[in-house]
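Asker: just a sequence and a predicted model for now, questions to come.
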Amino acid sequence: MTEHLFLSEKGKKASSTLARVDLDVYFEALENRYHPVDNPSGALPMSVAENQLCWDNLKQKFQQITRKQDIPDWVASYGDAAGVASFREAIASFFSEFLFGCPVNPESLACFGGATGVIEMTAFLLANPGDTAVIPAPSYPVYTGDLGVIPGVKRYDLHTHHELEEIQNEISISLEKLEKTKNEIEAQGSRFKLLILTSPDNPTGMIYSEAQLRSIADWCIAEEIHLIVNEIYGLSRFNLDHPQLRESYPDPIPFYSFGKLMHEYQSPLLHHWYSFSKDFGISGFRIGVIHSHNSGLIQGSRNAGLSHSISNYTQWVVQEMLSDHDFLEEFFQKHTHRLTEAFLTVKKAMDEVGTPIQPAYGSLFAWVDFSAFLKEESHEGETDLWLEIFEKTGVLLTPTDGFGHSKKGLFRLVITSLSPNELKLAMERLQEFFKNKK
């Protein structure tokens, strides 16, 4: 065993710890990917949060930009580590027009290589090693590594529900729960330093109401805790007026962007995360954004974030796309339609086999309860069901290990990683599997 020779303790841990527990199975699925002619029995991966719905539109737009425009000279030179001025101006205009609904100062933005870079840099600059970030659970498993590997910040899962019925109207989080959590963390010798919310949420697809965000923001400011709202799925919202969805949302909550509240409060303790990987489906472009009225955080990002800088060529192409608001308007109309149809495909299939599914507001996911099919309610039972589904159907779901959920048997289905025909096929395979299980 020589693979750990000459590594630091952190290096040894990184060398032996996968970023995700399902990576090996995911790569296996990719090697046996479904094709309607060449491999009709192949795998249909629905585990990684990629959005394939509108790449055809974006690809055409990017090709048009690079064909018709000369590459500016500044692309070949060094630029601002937090994003060149014209790029941040384009993002500020995009936020203002499409997400926040209020003015945005480009100087309040810092841009880095993907959501991971943003999370890591924010935690590094706002918290000390050993401090704690509280995250309503279930939530994104890789937060653990993004917060912990380099910043050294601990993750605390604050359970919001056990059964799906507990979050039918909104995510269950109260000031009493937050206060109790703060006391527990302090009793363990740590500090409750960061509170991270995601809206729409991963994996539940739920959102936080304006009243919730105001109440939580007021509490965090009073307690001097940094509140971060991740709106990485902020424009991936379902059309709740669709005739086949309307009855599932008798009293829907309006989406309220945290950026609008930040504009009102102007607090150095409130922060916003965004990435272009989900709403736009360009995860490979690696673009993440911190928005904050804390000038120290933005300047610190600029000074310490060189290793997370985005290539100037990427910034140029994306800023040109963002500057065309007519294109963006049409793009998001198509995206909302295709996203809603994808969610309906999954919802109909799950309803037909009597499997509970969360009536989500948005995101790229369906949060589904398969607990009735567990051989035993344990981590092992959950893993066995996950692998059995993959082995017998070729459909790879996201395992719940790392989500921090208290109940076993709930799984995340990425509804945007397949074409419409592939998604229908995946649902047919799952329906047959669960009918046989019954």
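Answerer: Structure's in. What do you need? Note that the structure is predicted; figures quoted are calculated from it, not measured.
Asker: for residue 146, the count of nearby residues, please.
Answerer: Here the count is done by other Cβ atoms under 10 Å, and residue 146 has 23 residues near it. (Glycine included, C-beta is placed from N, CA and C.)
Asker: could you list every residue that touches the residue lying closest to it once chain neighbours are set aside?
Answerer: Leaving aside its sequence neighbours, residue 146 sits nearest to residue 119 (Cβ to Cβ, 6 or more residues apart in numbering; 4.2 Å). If you count contacts by Cβ atoms under 8 Å, 6 or more residues apart in numbering, residue 119 has them with 143, 146-147, 273, 288.
Asker: residue 119 in helix, strand or coil?
Answerer: helix (DSSP: H, G, I helix; E, B strand; the rest coil).
Asker: swap in residue 155?
Answerer: Residue 155 is classified as strand under three-state DSSP.
Asker: tell me the domain ranges of the protein?
Answerer: 9-56+328-437, 72-324 (automatic domain parsing).
Asker: show the end-to-end separation of the last one, please.
Answerer: Translated: domain 72-324. 18 Å (Cα to Cα, to the nearest Å).
Asker: pLDDT of that domain, averaged?
Answerer: In this model, domain 72-324 carries a mean pLDDT of 95.
Asker: and what of the shortest one?
Answerer: Domain 9-56+328-437 shows a mean pLDDT of 93 in the predicted model.
Asker: need the contact list for residue 61.
Answerer: 321, 324, 327.
Asker: buried among these? Make that a ChimeraX selection.
Answerer: With 16 or more other Cβ atoms under 10 Å as the criterion, this ChimeraX line picks the buried residues out of these:
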select :321,327
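Asker: restricted to helices, list the contacts of residue 61.
Answerer: Using DSSP state H, the subset of these located in helices is 321, 327.
Asker: residue 13: neighbour count?
Answerer: By other Cβ under 10 Å, 13 other residues sit near residue 13.
Asker: so it lies in a helix, does it not?
Answerer: Yes - secondary structure assignment (three-state DSSP) places residue 13 inside a helix.
Asker: and residue 434, that's in a strand?
Answerer: No - counting by three-state DSSP, residue 434 is not part of a strand but helix.
Asker: let me know how buried it is, in neighbour terms.
Answerer: 20.
Asker: now swap in residue 85 and tell me
Answerer: Residues near residue 85, counting by other Cβ under 10 Å: 13.
Asker: for it, which non-adjacent residue is spatially closest?
Answerer: residue 106 (6.9 Å).
Asker: would you check that the one you found makes contact with residue 94?
Answerer: No - Residue 106 is not in contact with residue 94 according to Cβ atoms under 8 Å; the separation is 11.0 Å.
Asker: so which of these two has more stuff around it?
Answerer: Neighbour totals were compared for residue 106 and residue 94, and residue 94 leads with 23 against 16 (other Cβ under 10 Å).
Asker: output whatever helix or strand the more buried one lives in as CSV, nothing but the C-alphas.
Answerer: Using DSSP states H and E, residue 94 sits within helix 85-94. The C-alpha coordinates for helix 85-94 follow below in CSV (Å, rounded to 0.1, in the frame of the first residue of the first chain):
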residue,chain,number,x,y,z
ALA,A,85,-16.3,44.2,-14.6
SER,A,86,-18.4,43.6,-17.7
PHE,A,87,-19.2,40.0,-16.6
ARG,A,88,-20.4,41.1,-13.2
GLU,A,89,-22.4,43.9,-14.8
ALA,A,90,-24.2,41.4,-17.0
ILE,A,91,-24.9,39.1,-14.0
ALA,A,92,-26.2,42.1,-12.0
SER,A,93,-28.6,43.0,-14.8
PHE,A,94,-29.7,39.4,-15.1
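Asker: pull the CA atoms of whichever helix or strand comes after that helix into PDB?
Answerer: Remark: after helix 85-94, the chain's next helix or strand is strand 109-112, criterion DSSP H and E. What follows is strand 109-112, C-alpha atoms only, in PDB (Å, rounded to 0.1, in the frame of the first residue of the first chain):
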ATOM      1  CA  LEU A 109     -20.800  40.200  -6.700                       C
ATOM      2  CA  ALA A 110     -17.800  37.800  -6.700                       C
ATOM      3  CA  CYS A 111     -17.700  35.000  -9.300                       C
ATOM      4  CA  PHE A 112     -15.900  31.600  -9.000                       C
END
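Asker: same for strand 109-112, what does it pack against?
Answerer: helix 85-94, helix 114-126, strand 288-292, helix 295-304 (3 or more Cβ pairs under 8 Å, 6 or more residues apart in numbering; DSSP states H and E).
Asker: that strand: partners in the sheet, and parallel or antiparallel?
Answerer: When pairs are called by DSSP bridges, strand 109-112 turns out to pair with strand 288-292 (antiparallel).
Asker: run through who's touching the partner strand.
Answerer: Residues contacting strand 288-292 (Cβ under 8 Å, 6+ apart): 91, 95, 104, 108-119, 121-122, 259, 262, 268, 270-277, 297-298, 301.
Asker: and the angle for that strand with helix 114-126?
Answerer: Inter-element angle recorded for strand 288-292 and helix 114-126: 40 degrees (by axes from the mean of the first three to the mean of the last three Cα atoms, to 10 degrees).
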